[in-house]
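Engineer: just coords:
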């Protein structure tokens, strides 16, 4: 039997709703067919207009045995709580989900949202960090 999900079980429901609403504003105004960086710059404008605290293109080092072996960049970190990754390919690939799961593992945050700008509109997926001790 599948466990029942209650609203108070969701991670950051209000902030998630606001972020997704901002993405809808971008899509409503721009529509489909733009480069990912155009959607990213536009989402930053909307987040700023809503006085949301966010960082864009957040650097993180990828370490192996305490040595940096690579680097990555989060599209957005909103309110120091939610990672937002933008896509424009229409589907959520296994690679997209694995990428975001790695971001959550590295950052030890609780929630990431993948927002996909498609021909039909916005699609989004909430990805929750299931590690035992994510930070608050």
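Structural biologist: Sure, I can see it. Bear in mind the structure is a predicted one, so any value in this text is a computation, not a measurement.
Engineer: quickly find the element holding the residue nearest the centre of the chain.
Structural biologist: The centroid of the chain falls nearest to residue 84 when counting by C-alpha atoms, centre = their mean (1.8 Å). Residue 84 is located in strand 82-87, with elements delineated by DSSP states H and E.
Engineer: so which bits of that strand are buried?
Structural biologist: For strand 82-87, burial by neighbour count (16 or more other C-beta atoms under 10 Å) applies to 82-87. Heads up, the C-betas are built off the backbone N, CA and C, glycines and all.
Engineer: the residue nearest to the centre of the chain is in contact with residue 100, isn't it?
Structural biologist: No: using C-beta atoms under 8 Å as the test, residue 84 is too far from residue 100 to be in contact (9.6 Å).
Engineer: from residue 56, how far out is the closest residue to the residue nearest to the centre of the chain other than its chain neighbours?
Structural biologist: Leaving aside its chain neighbours, residue 84 sits nearest to residue 76 (3.9 Å; criterion: C-beta to C-beta, 6 or more residues apart in numbering). Going from residue 76 to residue 56 by C-beta to C-beta, to the nearest Å gives 6 Å.
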